[in-house]
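**Q** Based on what follows, work out the 3D shape:
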Amino acid sequence: MATQIDKEACREAYNQVRDDNSDVCWAAFQYEGSRIVPAQQGADYDDFKALCTDDARLFAYVRFTTGDSMSKRSKFILITWIGENISGLQRAKISTDKTLVKDVMQNFAKEFMISDQKELDQEYLCGELKKAGGANYDAQAE
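**A** You can find the predicted model right below:
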């Protein structure tokens, strides 16, 4: 059976993460049978990391505030989490299903496919965003 996505519900969760006036900084999307639906969302990134278990496969849209001393801004990432205990068939399927997710979540600075908890480290992800972000005025001597 082909995977489907609940576009309206996922778009609503996506928009809450994008809203600068919202405390929501992440939204996770999981499989419910053959459908991708919003799972949870929240203001604490550690709560999202707790969802990333060895038996889980999910997508997440996350907002981080990055920048340097002269410019702070929100940057967004798309994470595909594939736990260590996920079967080969499900691993292959998540790669093709990602196109459904990207149809809803179109604006992000960087995309990550992760299956190791260490790679979910916020400092690491923000560092990658900073590299992708262009000008970095912190590198200049004051």
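
**Q** tally of neighbours for Lys118?
**A** Applying other CB atoms under 10 Å, we find 7 residues neighbouring Lys118. Glycine gets a C-beta too; all of them are placed from N, C-alpha and C.

**Q** With the one 3 residues further on instead?
**A** Residues near Asp121, counting by other CB under 10 Å, number 12.

**Q** Same check on Lys102?
**A** 13.

**Q** From Gln40, how far off is it?
**A** 20 Å (CB to CB, to the nearest Å).

**Q** Kindly provide the distance from Glu12 to Ser22.
**A** In terms of CB to CB, Glu12 sits 12 Å off from Ser22.

**Q** what sits against Gln16?
**A** By CB atoms under 8 Å, 6 or more residues apart in numbering, the contact set of Gln16 is 22, 24, 27, 41.

**Q** Centre of the chain to stretch 70-82, how far?
**A** Computed by CA atoms, centre = their mean, to the nearest Å, the chain-centroid distance of stretch 70-82 equals 7 Å.

**Q** Quick one: mean pLDDT over it.
**A** For stretch 70-82, mean pLDDT rounds to 90.

**Q** Ok, stretch 118-134 next?
**A** Per-region confidence: stretch 118-134 scores 85 on mean pLDDT.

**Q** pLDDT weak spots in the chain?
**A** Within the chain, the segments meeting pLDDT under 70 span 67-68, 133-142.
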